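# next comes the sequence, and after it the predicted model I'd like to discuss.
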Amino acid sequence: MKLLLLRCPRCNHALTPGNDDVVVQCPNCHAAVGISEGGLQLSPAHYATPTQPQPETWLPFWVYRGQVTFQSPRPQAGPSPQQEAQTFWPQPRHFYIPAWAGELADARDLVADLLAKQPLLSAVTPPEDAVFLPVALTTEDGHKLLELVIVSLEAQRKDWLESLKFDLRLDSEALWLLPARSDSDGWSLLIKGV
């Protein structure tokens, strides 16, 4: 087995990614570095404007813009659940997918919360001391998690859901780093609208 020393493409500093990391931060120049079978490359990452000074850390999210279209009408117990779904999903919206290693249930709940709140992100120049958690979720994994959240949210509606077919169209994706601090309930995001 041949071991290779991984170095930052910007400053040539040694990197020590974990086994599941797909984007890490260079400890020297703080660049976001993508890791793939094709090698290392700088990854564009946007730092969101914090609502409080000096966040504890920055959490990586894949942020997509897109919409959901149901292929077949939903069975229902009354008009309300179907009307809710038809009002909520067809509108283009942002989907915020946690990209760090964590519990699936926590990620699902966070995605659902941000999906409902639709915070608007504005980018800032990366602070010199900003440290972000490694990205462990690929964009393909993010798509799968998003589909799981859609099914989970629709299953919670009070109707007789037997099956659910939908199209998920995503127009764009970007890596955003959101300022956060930890508390007794986990992570709290320090962005407007949350």
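Structure's in. What do you need? Numbering: from 1, shown residues only.

# got a list of contacts for the top helix by length along the chain?
Of all the segments of type helix in the chain, defined by DSSP state H, the longest one is helix 139-155. With Cβ atoms under 8 Å, 6 or more residues apart in numbering as the test, helix 139-155 has contacts from 62, 64, 68, 74, 85, 89, 95, 97, 99, 104, 107-108, 111-112, 115, 137, 161, 164, 166, 168, 170, 173. In short, each C-beta sits where N, CA and C put it, glycine included.

# selecting buried members of those residues in ChimeraX, what would you type?
To isolate the buried members of the contacts of helix 139-155 in ChimeraX, using 16 or more other Cβ atoms under 10 Å:
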select :62,64,68,74,85,89,95,97,99,107,108,111,115,137,161,170,173
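
# low-confidence regions, the protein specifically.
Confidence mapping of the chain against pLDDT under 70 gives the ranges 1-4, 72-87, 158-162.

# strands of that one, start to end?
Applying DSSP state E to the chain gives strands spanning 23-25, 32-36, 39-42, 45-48, 57-70, 93-98, 123-124, 166-183, 186-189.

# gap between E56 and C8?
Relative to C8, E56 is positioned 24 Å away (Cβ to Cβ, to the nearest Å).

# of the two, who's got more company?
Per other Cβ atoms under 10 Å, whichever of E56 and C8 has more neighbours is C8, with 20 against 15.
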